[in-house]
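S.K.: What shape does this take:
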Amino acid sequence: MLNVPSKEITAGLDRETLAVAKLDSEPTIEERNLLSVAYKNVIGSRRASWRVVTSIEAKETARGNTQHAELISSYRLTIEKELQDVCKDILETIDTNLIPGASTPESQVFYYKMKGDYHRYLAEFMSSEHRQESSDTALSAYKKASEISDKELAPTHPIRLGLALNFSVFYYEILNSPDSACNLAKQAFDEAIAELDNLHEDSYKDSTLIMQLLRDNLTLWTSDLQNEVDDQQYGDSTAAQAEDKKEENQE
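M.R.: Numbering: from 1, shown residues only. The predicted structure follows:
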């Protein structure tokens, strides 16, 4: 039986999602997607709030507005607690029920990818030792998902492409490894392009959308890398850094 979300988490989830969380059997594809998207929506709003609040806190601190900064810091900590609760909730379900009960390679990749995603979200705001732990666990989950997907899923499969997209974002944002991020994204894109003629019609829209996101990230990241080279050569920082990198928003 799946882990039942806590009351704090259920406030952001609808009845259908809660029903999926109580299933005794392996979720269907539709139920799996429902659970994934619902939790992504809950976590997404809090991640966005955290980024805004963190930015404001930094500005107030820089201006010397100590009282304002302390109030904002308190609110940031509240958001971080909510983020931890959401991630802990779904990760417990993934580890206890979803991964052990996954009967197909597609499901296994899907859930290991989810595990990597939610540990990545934790690594975005956790500090020192806890951040390293979340980062290491995310890396392990993404690698396990990649190992299965490379053997079992076509290069154009939307789940394999979504994994490559989010794994590359992890390399770029969490591990600060733009070269690895670009290499992974480019390989996934090139392999999918080579198999595009064999793409199933029912997954064409999803696959091509993720391929576009991979290409967009490659364009942004290679531009950032070039600007860093230019900055080192000329000492002139002219590039506007994007606050967010694209990741998969739809499962």
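S.K.: which helices and strands does the lengthiest helix in the chain pack with?
M.R.: Once the chain is assigned using DSSP state H, the helix that runs over the most residues is helix 29-62. Under the contact definition 3 or more C-beta pairs under 8 Å, 6 or more residues apart in numbering; DSSP states H and E, helix 29-62 sits against helix 15-20, helix 66-93, helix 105-125. The way it works is simple: take the backbone N, C-alpha and C, and place the C-beta from them, glycine included.
S.K.: Would you reformat the ones you listed as a markdown table and include distance to residue 158, mean pLDDT and mean neighbour count?
M.R.: Compiled in a markdown table, the helices and strands packed on helix 29-62 are given as follows (distance: least, C-beta to C-beta, whole Å; pLDDT from 0 to 100; neighbours: other C-beta atoms under 10 Å):
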| stretch | distance to residue 158 | mean pLDDT | mean neighbour count |
| --- | --- | --- | --- |
| helix 15-20 | 20 | 55 | 15 |
| helix 66-93 | 21 | 96 | 17 |
| helix 105-125 | 10 | 98 | 23 |
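S.K.: Any idea which of the ones you listed gets closest to residue 189?
M.R.: Nearest to residue 189 among these is helix 105-125 (17.5 Å), distances taken as C-beta to C-beta.
S.K.: who's in contact with the residue nearest the centre of the chain?
M.R.: When C-alpha atoms, centre = their mean is applied to the chain, the residue found nearest the centroid is residue 117 (3.9 Å). Residues in contact with residue 117 (C-beta atoms under 8 Å, 6 or more residues apart in numbering) are 138, 166.
S.K.: ok, residue 101 to residue 155 distance?
M.R.: Here the distance between residue 101 and residue 155 works out to 27 Å (C-beta to C-beta, to the nearest Å).
S.K.: and if you look at residue 211?
M.R.: In this structure, residue 211 lies at 10 Å from residue 155, with C-beta to C-beta as the measure.
S.K.: what sits in contact with each of those two?
M.R.: 161, 192.
S.K.: How is residue 154 assigned, secondary-structure-wise?
M.R.: Using DSSP: H, G, I helix; E, B strand; the rest coil, the secondary structure recorded for residue 154 is coil.
S.K.: That one - nearest residue in space that isn't next to it in sequence?
M.R.: Residue nearest to residue 154 in three dimensions, not counting chain neighbours: residue 195, with 6.3 Å by C-beta to C-beta, 6 or more residues apart in numbering.
S.K.: Report the buried residues of stretch 47-66.
M.R.: Using 16 or more other C-beta atoms under 10 Å as the test for burial, stretch 47-66 gives 47, 49-50, 53-54, 57, 60.
S.K.: Could you count how many residues lie near residue 164?
M.R.: Residue 164 is surrounded by 29 other residues when neighbours are defined as other C-beta atoms under 10 Å.
S.K.: what do you get for residue 94?
M.R.: A total of 24 residues lie near residue 94 under the criterion other C-beta under 10 Å.
S.K.: again, but for the one 10 residues further on
M.R.: If you count neighbours by other C-beta under 10 Å, residue 104 ends up with 11.
S.K.: Give me the phi and psi for it.
M.R.: Backbone torsions of residue 104, given as degrees, to the nearest 10, read phi -130, psi 150.
S.K.: Check residue 64 too.
M.R.: In this entry, residue 64 is assigned phi and psi values of phi 80, psi 10 (degrees, to the nearest 10).
S.K.: Residue 153 too?
M.R.: phi -110, psi 140.
S.K.: in what helix or strand does the residue nearest to it when sequence neighbours are not counted lie?
M.R.: Distance criterion C-beta to C-beta, 6+ apart; nearest residue to residue 153, sequence neighbours excluded, is residue 160 at 4.2 Å. Per DSSP states H and E: residue 160 is located in helix 158-173.
S.K.: What is that helix packed up against?
M.R.: Taking 3+ C-beta pairs under 8 Å, 6+ apart as the contact definition, the neighbouring helices and strands of helix 158-173 are helix 105-125, helix 128-152, helix 178-194, helix 204-234.
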